[in-house]
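Novice: sequence and computational prediction follow.
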Amino acid sequence: MTDRDLSGRVALVTGGSRGIGRAICRRLARAGAWVAINHSSSDEAAAETLALIRAVGGEGDVYRADVSSFEATDAMFRSIEADKGPVDLLVTNAGIASFQDDVDMPVDLWRRILSVNLDGTFHCVWCAKEGMLARGDGRIVCISSANGLAPSRIRPDRLIAYGTSKSAVIGFSRNCAIALGPAIRVNCVAPGLIDTDMTSGMSDEIRQRIIASTPAGRTGTPDDIAGLTYFLLSDAASFITGQTYVASGGLVTLP
Ligand SMILES: NC(=O)c1ccc[n+]([C@@H]2O[C@H](COP(=O)([O-])OP(=O)(O)OC[C@H]3O[C@@H](n4cnc5c(N)ncnc54)[C@H](OP(=O)(O)O)[C@@H]3O)[C@@H](O)[C@H]2O)c1
């Protein structure tokens, strides 16, 4: 990996306006990629991410689209291609979670979580794959969750829909790695507890209990996930596909 080893590449980061996605946008921009920052509602946050990537000498633009809609996702890919060229680095990071995601959850909440976290991932990969296959090169990282590997026994909200969606993202990425190789590499990143808007409503007591069970002795930062994602998109990971990397400070370990 060199300082600007992603120069000339067009990257799309879904949910790039805040949190983990924002850190990934900055990391890819630092490596020279032109970065499409996707989000679905907060224009201000997305504009801030664009300013941050410009501050590290990067370039990109903002694309508002709800990835749970195939039509909106497809239109976004067309706009990016028209503006800068086809997407060759894709990070499916847009995701939602809810503290109501428990045994009493309403059916609509289940559907909404699955439609953003799982359908959204599928829509983006489906829009990206034809061009990547035609060019014989594509790199995809899907952001899952440690919850997708092991349900939390600490959190009081059980995250039934969220955990299910994130397990499915791992299964989807594994299947895609086989179906879309050798042209396209597809890997998954499964973060543990990362300090972002998504987790800011968690009680301090639960946070401390999670930290006490985490060998690294702390929560994660968005940059912890950005570095791993960048590695998986880089040439340094050219022999890695179909894998899931857990970045949870050791809270969840794979067999
Ligand atoms: N934080 C954690 O502890 C943690 C742990 C494991 C996995 N993850 C996963 O990491 C990813 C990022 O999480 P985060 O903590 O950074 O979340 P966050 O701070 O809540 O940010 C979520 C991002 O996704 C965007 N988004 C939400 N719904 C969208 C939609 N339908 N279409 C397009 N964009 C959408 C949001 O932008 P708008 O609001 O403008 O739409 C925002 O940019 C998620 O997939 C999450 O499940 C997070």
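Specialist: Right, received. Where do you want to start?

Novice: show me the contacts for the most centrally placed residue in the chain.
Specialist: Centroid-nearest residue in the chain: Asn93, 2.1 Å away (criterion: C-alpha atoms, centre = their mean). Shown in contact with Asn93 (C-beta atoms under 8 Å, 6 or more residues apart in numbering): Val13, Thr14, Gly15, Gly16, Ile20, Gly21, Ile24, Ile143. Any C-beta I mention is one placed from the backbone N, CA and C, and that applies to glycine too.

Novice: closest one of these to the ligand?
Specialist: Gly15 (2.5 Å; C-beta to the nearest ligand atom).

Novice: surely the closest one and Asn117 touch.
Specialist: No. Applying C-beta atoms under 8 Å as the test, Gly15 and Asn117 come out as separate, 10.2 Å apart.

Novice: so what sits against both of the two?
Specialist: Common neighbours of Gly15 and Asn117 (criterion: C-beta under 8 Å, 6+ apart): Gly95.

Novice: what residues does the stretch 151-255 of the chain put near the ligand?
Specialist: Pro191, Leu193, Ile194, Thr196, Asp197, Met198, Thr199 (C-beta under 6 Å from any ligand atom).

Novice: inside helices: which ones of the residues you listed?
Specialist: Taking DSSP state H, every one of these sits outside helices.

Novice: from the residues you listed, list the buried ones, please.
Specialist: Burial by neighbour count, 16 or more other C-beta atoms under 10 Å: within these this picks out Pro191, Leu193, Ile194, Thr196, Met198, Thr199.

Novice: what residues are up against the third one?
Specialist: The reference is to Ile194. Gly19, Ile20, Thr219, Gly220, Thr221, Pro222, Asp224, Ile225.

Novice: hmm, try it at 10 Å
Specialist: Contacts were defined as C-beta atoms under 10 Å, 6 or more residues apart in numbering; by that measure Ile194 touches 19-20, 23, 145-146, 219-225, 247-249.

Novice: contact partners for the nearest residue to Asp119 once chain neighbours are set aside?
Specialist: Nearest residue to Asp119, sequence neighbours excluded (C-beta to C-beta, 6 or more residues apart in numbering): Ser68, at 5.6 Å. Each residue near Ser68 by C-beta under 10 Å, 6+ apart is listed here: 40, 94, 96, 111-120, 123.

Novice: for the ligand, tell me which of those show up nearby.
Specialist: Contacts with the ligand within the contacts of Ser68, counted by C-beta under 6 Å from any ligand atom: Ser40, Ala94, Ile96, Val116, Gly120.

Novice: can you check those and name whichever has the most neighbours?
Specialist: Counting neighbours by other C-beta atoms under 10 Å, the top entry in the ones next to the ligand among the contacts of Ser68 is Gly120, with 29 neighbours.
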